[in-house]
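Asks: Sequence and computational prediction follow.
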Amino acid sequence: MARTNDIGQYVNELTGGVDNLKLMKLCYFAQGWHLAWSGRPLFTDELQAWKHGPVSRALWDKLVATKSLHGSTLAQPLGNSSNLSDYEREVVAAVVEFYAGQNSWTLRNWSHDAAWLAARGDLPEDASCSNAMSVTDIRNVFSDKARTDSAVPSAPLRPDSLDALSWGLDPEAEAELEADWAETFLRLADR
């Protein structure tokens, strides 16, 4: 499984380098959408509910170690983007394509969501905080967005999707399969 440093590196490769605030938010959104689309985390590194939104401490420490705290984060490699699977790369690319046109402060404000608020508890918005954010809360936030928001990134096709195209079925066989299961699907939909 990739680390946030690997995700940050891939974000930089896709964008040509972004500032640290934007990098942290793009990593957060990538984690959230990966959770919503696959049910699994993109990375295992903890996200903390800092004052300016979710931050990966592991990625922050790498930025400090490489002295990449100001300006573009392309100065030094942050991680190894080849640690990402093809699907993970597609998720990060979809997130970058969707959010990269926004400025850092807009992304910061968007990251102040229910998962961030839950981790911070009763702290004021401008208070320092290093509380860990719940992966379940993050998944819930992004799953809700997927269901209710009309403007969301386009989900890549999962490699383990059970669609007819991934099985290599011809249209006639696909229609027959759908007909065989139609009654079962209707019963399940009514529950």
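Replies: The structure has been received and is ready for your questions.

Asks: where does the protein dip in pLDDT?
Replies: Residues of the chain meeting the criterion pLDDT under 70: 67-76, 159-171, 173-175, 177, 185, 189-191.

Asks: Going along the chain, name the helices of it.
Replies: Listed in chain order, the helices of the chain (DSSP state H) span 4-15, 20-38, 57-65, 86-99, 104-110, 114-120, 135-148, 164-167, 171-189.

Asks: OK, contacts around the residue nearest in space to the middle of the chain?
Replies: What sits nearest the mean C-alpha location of the chain, by Cα atoms, centre = their mean, is residue 30, with 1.8 Å. Residues near residue 30 by Cβ atoms under 8 Å, 6 or more residues apart in numbering: 7, 11, 42, 91-92, 95. In short, each C-beta sits where N, CA and C put it, glycine included.

Asks: Could you list the domains of the protein?
Replies: 4-148, 161-191 (automatic domain parsing).

Asks: Which of these sits closest to residue 154?
Replies: domain 4-148 (5.6 Å; Cβ to Cβ).

Asks: Now do that closest one: distance from first to last residue.
Replies: By Cα to Cα, to the nearest Å, the extent of domain 4-148 from end to end equals 28 Å.

Asks: Make 115 the first number, not 1, from now on.
Replies: Sounds good: first residue 115 from here, last item domain 118-262.

Asks: thinking again about what came up before, and the contacts of residue 144, which of them are buried?
Replies: Buried subset of these (neighbour count, 16 or more other Cβ atoms under 10 Å): 121, 125, 156, 205-206, 209.

Asks: want to throw these into CSV with distance to residue 246?
Replies: What follows is the buried ones among the contacts of residue 144, written out as CSV (distance: Cβ to Cβ, whole Å):
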residue, distance to residue 246
121, 18
125, 22
156, 16
205, 22
206, 22
209, 22
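
Asks: Kindly indicate which of the residues you listed lies nearest residue 169.
Replies: Set against residue 169, the nearest of these by Cβ to Cβ is residue 121 (13.1 Å).

Asks: distance of the closest one from residue 197?
Replies: Residue 121 is 9 Å from residue 197, where distance means Cβ to Cβ, to the nearest Å.

Asks: do the same with residue 129
Replies: For residue 129 relative to residue 197 (Cβ to Cβ), the value is 18 Å.

Asks: How about residue 117?
Replies: With Cβ to Cβ as the criterion, residue 117 and residue 197 are 7 Å apart.

Asks: Those two: who's more crowded?
Replies: residue 117 (21 against 16; other Cβ atoms under 10 Å).

Asks: Residue 295: which of the buried ones among the contacts of residue 144 is nearest?
Replies: Distances from residue 295 to the buried ones among the contacts of residue 144, taken by Cβ to Cβ, are shortest for residue 205, at 28.9 Å.
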